[in-house]
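Participant: Compute the structure for the input listed below.
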Amino acid sequence: MAFFKGHRGAQVASTTLMAPMTRAFAAAVQRFAKQEGIEVVHFEKGQRKDDETQRRLKDHHPATATTY
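Facilitator: Residues are numbered from 1 along each chain as shown. This next block holds a predicted model:
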């Protein structure tokens, strides 16, 4: 909460202040991905990211593969 009071100048530290920042960040990521032609992969609850990464990487050359 020191971030909101000290850095952002908020009178009261509240997690409510985080929502607009989170939405703006998520929207910026989506815009960037669309602009650059990067697929954004959404994971289901319980889905192992490492397993999905390995499945996707097996068909890509290491020099051209993009990971997270």
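Participant: And the pLDDT at Phe25?
Facilitator: On pLDDT, Phe25 comes in at 95.
Participant: my bad, should have said Met18
Facilitator: At Met18, pLDDT is 80.
Participant: Ok, Met21 next?
Facilitator: For Met21, the model assigns a pLDDT of 86.
Participant: same deal with Phe43?
Facilitator: 91.
Participant: That one: neighbour count?
Facilitator: Applying other CB atoms under 10 Å, we find 9 other residues in the vicinity of Phe43. Backbone N, C-alpha and C define where each C-beta goes, glycine included.
Participant: mind checking how far the nearest residue to it once chain neighbours are set aside is from Phe32?
Facilitator: Nearest non-adjacent residue to Phe43, counting by CB to CB, 6 or more residues apart in numbering: Lys49, 6.1 Å away. From Lys49 across to Phe32, the span is 20 Å (CB to CB, to the nearest Å).
Participant: just to revisit the earlier point, state the distance from the residue nearest to Phe43 to Gly37.
Facilitator: 21 Å.
Participant: Of the two, which one has the most company?
Facilitator: Set side by side, Lys49 and Gly37 show more neighbours around Lys49, with 10 against 6, by other CB under 10 Å.
Participant: Going toward the C-terminus from the longest helix belonging to the chain, what's the next helix or strand?
Facilitator: Looking across the chain with DSSP state H, the single longest helix is helix 18-36. Sequence order places helix 49-57 as the next helix or strand after helix 18-36, per DSSP states H and E.
Participant: Who are the packing partners of that following helix?
Facilitator: Contact partners of helix 49-57 among helices and strands, from 3 or more CB pairs under 8 Å, 6 or more residues apart in numbering; DSSP states H and E: none.
Participant: pLDDT on that helix, on average?
Facilitator: 86.
Participant: Distance from it to the middle of the chain?
Facilitator: 17 Å (CA atoms, centre = their mean, to the nearest Å).
Participant: May I have that helix as PDB, with CA atoms only?
Facilitator: Only the C-alpha atoms of helix 49-57 are listed here, as PDB (Å, rounded to 0.1, in the frame of the first residue of the first chain):
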ATOM      1  CA  LYS A  49       1.900 -23.700 -18.500                       C
ATOM      2  CA  ASP A  50       5.100 -25.700 -18.800                       C
ATOM      3  CA  ASP A  51       3.300 -28.600 -20.600                       C
ATOM      4  CA  GLU A  52       1.600 -26.200 -23.000                       C
ATOM      5  CA  THR A  53       4.900 -24.400 -23.700                       C
ATOM      6  CA  GLN A  54       6.700 -27.700 -24.400                       C
ATOM      7  CA  ARG A  55       3.900 -28.700 -26.800                       C
ATOM      8  CA  ARG A  56       4.100 -25.500 -28.700                       C
ATOM      9  CA  LEU A  57       7.900 -25.300 -28.800                       C
END
